[in-house]
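> below is the structure, and that's it, no one-letter string:
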């Protein structure tokens, strides 16, 4: 049975700046949902006595994020990512545990807190559908009480980075998905938030638009030393932006550390790429043969046996070249997401 | 405070831009607003004519004045947010508004004002046409007009706060229709809409004095028409202020509880 060691050996742990902008301790969010069977009988019974069940959407997770850090939140659908982001931005009250973001308790939703953060979630938070985005931006200027000169500077910067100069003058309903997302992001950042919660900022966008938004997030982070927590289904987003990932699964924190560490911890296999001096050698005693063409072969071996197998290969066979590689990140993530709840429970 | 004024002027601007986009919907809404008092006016005028010219102390000309003034009051006291919150909550749209460093009620208040400002000329045109058709008789006095304006402002404020408190019910139930119906049926009987309150049986009059509806609909009209004594007018203003305070408290309570509840629904 796989038992994962506690996730404390984050690779960035020592290099991280001193000040944490986000600190989460033992955070839980439980929902009570009523459930009943289909049919009239069950409907009648539920009138008298409701059967309820507690769903642990987020179950005692702890982590902290330093000022200026970009962290990727990973987890399959329903893992608790969005619930966590909503608690961090003050939309949901935690069932238990504490959250401290920039010295504020988010669920109090103090104006002073809300002025320093942003949550991008879907495409309907910032923009009024029937009028041009620039009108919505102007409204945000008043809502966040931005100094006119400062507002103009920020707007110019966002227009330049996101290339929305023409787009923001058209009614939002006439924009494409990607164009709307760019305007949505601009609207969400006009007040220059220190902490950005981005829930699937590139979902549904084409590759070019994804790349543009990705590089924008990078630039914004670098320029303003803003803290970014983002979720995405696209590993490319996470690989490009986040040095550190937090994996949530079945509401529990499964991993917190560098991407390389994630692969290290969760992939039970290593890949050995071999070049031999002669052809037709039977490699099956050494591991699972993924591919063998002529003198070249690819083997998959259990991680723990990698050193041993490598040694045997070098000793037994006429090896010309040998490299040990990690499997692709997508494959590892798939493995992680396939973990059953019981195993996740033991991991933490 | 200056921040809030800046916000209101920006939100008013945006709402005005937006309202112009919904010209047709607004026209239909406006027609509904005008038709209702016109029907009561026609009915009561007919009743007055058939019963020798008066019903109680109301002549046909009094009815005309009453319902034309009522139209003005109803224009400025309309609120529709109780029809919207169920949708805003279920669809999670409220989340976006909750993320802003300003209470969502201000957005609704500004939007409400913008509508009333935009449609004021239309309401004024309707009033002029109705005056020409129904020939109201009313003595226009300075204190009547000033009292009317003051009572109208408080009535609009009260109608908005109470209506917003009712809208908060959407946090607890999806059967919003039933609650709104109850609210508007009560308003229909106890606000002086169906008939001037002094024509109602004594019990209903007492109920109307206790309930908030008179203070947000017919009270300004009664002040304008000089049908109340000076002390009754002062008591009326006092009750308006009291109801505003009560509904503001209710709004604060319902909102803070509702937001907690929102998180249970999942948003």
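Now that the structure is in, tell me what you want to look at. Note that the coordinates shown come from a computational prediction; the quantities given were computed from them, not determined experimentally.

> now residue B:22: closest residue in space, sequence neighbours ignored.
Distances taken as CB to CB, 6 or more residues apart in numbering or on different chains put residue A:130 closest to residue B:22, at 7.9 Å, once the chain neighbours are dropped. C-beta here means a position set from N, CA and C on the backbone, and glycine is covered the same way.

> got the residues of chain B near chain A?
Within reach of chain A by CB under 8 Å from any CB of the partner chain, chain B has these residues: B:3, B:6-7, B:9-11, B:13-14, B:17-18, B:21-22, B:92-93, B:95-96, B:98-102, B:259-260, B:262-264, B:266-267.

> show me those that map onto helices.
B:3, B:6-7, B:9-11, B:13-14, B:17-18, B:21, B:93, B:95-96, B:98, B:259-260, B:262-264 (DSSP state H).

> mind giving me the ChimeraX command for buried ones among the residues of chain B next to chain A?
Command for ChimeraX, covering only those of those found buried under the criterion 16 or more other CB atoms under 10 Å in any protein chain shown:
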select /B:7,10,11,13,14,18,92,93,95,96,98,99,100,101,102,259,262,263,264,267
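
> low-confidence ranges in chain B?
Low-confidence segments of chain B (pLDDT under 70): B:1, B:263-267.

> helices along that one, start to end?
Per DSSP H, chain B carries helices over the ranges B:2-21, B:23-50, B:60-76, B:85-90, B:93-98, B:104-134, B:142-167, B:176-190, B:202-210, B:213-216, B:218-224, B:230-265.

> residues in contact with residue A:155?
Contacts here follow CB atoms under 8 Å, 6 or more residues apart in numbering or on different chains; on that basis residue A:155 touches A:137, A:186, A:190.

> the nearest residue to residue B:109 once chain neighbours are set aside - how many residues pack around it?
Counting by CB to CB, 6+ apart, residue B:160 is the residue found nearest to residue B:109 once chain neighbours are left out, at 6.3 Å. Residues within reach of residue B:160, counting by other CB atoms under 10 Å in any protein chain shown, total 23.

> OK, contacts around residue B:160?
Residues counted as contacts of residue B:160 (CB under 8 Å, 6+ apart) are B:77, B:79, B:108-109, B:112.

> repeat for residue A:117
By CB under 8 Å, 6+ apart, the contact set of residue A:117 is A:89, A:101-102, A:106, A:193-197, B:99.

> circling back to that earlier point, name the nearest of the contacts of residue B:160 relative to residue A:51.
Nearest to residue A:51 among the contacts of residue B:160, counting by CB to CB, is residue B:108 at 37.9 Å.

> any idea which helix or strand carries residue A:289?
Assessed by DSSP states H and E, residue A:289 sits inside strand A:288-293.

> quick one: whatever helix or strand comes next after that strand to chain centroid distance?
Next along the chain after strand A:288-293, taking DSSP H and E as the criterion, comes strand A:296-302. Chain-centre distance of strand A:296-302: 31 Å, with CA atoms, centre = their mean, to the nearest Å.

> quick one, strand A:296-302 and strand A:288-293 angle?
Angle, strand A:296-302 to strand A:288-293, by axes from the mean of the first three to the mean of the last three CA atoms, to 10 degrees: 170 degrees.

> would you turn the contacts of residue A:117 into a markdown table with distance to residue A:315 and secondary structure?
Shown next, in a markdown table, are the contacts of residue A:117 (distance: CB to CB, whole Å; DSSP: H, G, I helix; E, B strand; the rest coil):
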| residue | distance to residue A:315 | secondary structure |
| --- | --- | --- |
| A:89 | 58 | coil |
| A:101 | 56 | strand |
| A:102 | 58 | coil |
| A:106 | 59 | helix |
| A:193 | 59 | coil |
| A:194 | 57 | coil |
| A:195 | 55 | strand |
| A:196 | 53 | strand |
| A:197 | 53 | strand |
| B:99 | 63 | coil |
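
> what residues sit buried inside stretch B:41-59?
For stretch B:41-59, a neighbour-count test (16+ other CB under 10 Å) marks B:41, B:44-45, B:47-48, B:55, B:58-59 as buried.

> list the contacts for residue A:305?
Applying CB under 8 Å, 6+ apart, the residues contacting residue A:305 are residue A:287.

> what pLDDT does it get?
At residue A:305, the model reports a pLDDT of 89.

> which one, of the helices of chain B, ends up nearest to residue A:122?
Judged by CB to CB, the one of those that comes nearest to residue A:122 is helix B:93-98, at 8.6 Å.

> quick one: distance of the closest one to the chain centre.
Worked out by CA atoms, centre = their mean, helix B:93-98 lies 26 Å from the chain centre.

> what helices and strands are in contact with that helix?
Helices and strands touching helix B:93-98, by 3 or more CB pairs under 8 Å, 6 or more residues apart in numbering or on different chains; DSSP states H and E, are helix B:85-90, helix B:104-134, helix B:230-265.

> angle of the second one against helix B:60-76?
To tie it back to what came earlier, the one meant is helix B:104-134. 160 degrees.

> list the buried residues of helix B:104-134.
For helix B:104-134, burial by neighbour count (16+ other CB under 10 Å) applies to B:104-105, B:107-115, B:118-119, B:122-123, B:126-127, B:130, B:134.

> who are the packing partners of that helix?
In terms of contacts (3+ CB pairs under 8 Å, 6+ apart), helix B:104-134 is packed against helix B:2-21, helix B:23-50, helix B:60-76, helix B:93-98, helix B:142-167.

> so for residue A:254, which of those sits nearest?
Checking the helices and strands packed on helix B:104-134 against residue A:254 by CB to CB gives helix B:93-98 as the closest, at 26.8 Å.

> the residue of chain A most remote from its centre: which element?
The C-alpha centroid of chain A is most remote from residue A:278, which lies 45.8 Å away (CA atoms, centre = their mean). Under the criterion of DSSP H and E, residue A:278 resides outside all helices and strands.

> check residue A:223 too.
Per DSSP H and E: residue A:223 is located in helix A:207-224.

> elements contacting that helix?
Using 3+ CB pairs under 8 Å, 6+ apart, the elements in contact with helix A:207-224 are strand A:70-74, helix A:148-162, helix A:177-189, strand A:195-199, strand A:227-231, helix A:235-241.

> reformat the ones you listed as CSV; add mean pLDDT.
Output for those, formatted as CSV (pLDDT from 0 to 100):
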stretch, mean pLDDT
strand A:70-74, 93
helix A:148-162, 92
helix A:177-189, 90
strand A:195-199, 94
strand A:227-231, 94
helix A:235-241, 87
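
> kindly reformat those as CSV containing distance to residue A:261.
Compiled in CSV, the helices and strands packed on helix A:207-224 are given as follows (distance: least, CB to CB, whole Å):
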stretch, distance to residue A:261
strand A:70-74, 13
helix A:148-162, 32
helix A:177-189, 30
strand A:195-199, 23
strand A:227-231, 18
helix A:235-241, 14
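
> can you tell me which of those is nearest to residue B:164?
Between residue B:164 and the helices and strands packed on helix A:207-224, the shortest gap by CB to CB is with helix A:177-189, which sits at 25.7 Å.

> got a list of contacts for that closest one?
Helix A:177-189 is contacted from outside by A:118-120, A:123, A:125-127, A:133, A:136-137, A:140, A:154-155, A:158-159, A:162-164, A:167-168, A:172, A:175, A:196, A:201-202, A:204-206, A:209, A:212-213, A:216, A:220, using CB under 8 Å, 6+ apart.

> buried residues of it, list them for me.
A:178-189.

> which residues sit in contact with residue A:55?
The contact partners of residue A:55, taken as CB under 8 Å, 6+ apart, are A:30-33.

> shouldn't the residue nearest to residue B:22 be within a strand?
No: Residue A:130 is assigned coil when assessed by DSSP: H, G, I helix; E, B strand; the rest coil, not a strand.

> any idea how far it is from residue B:23?
Noted for residue A:130: a distance of 12 Å to residue B:23, by CB to CB, to the nearest Å.
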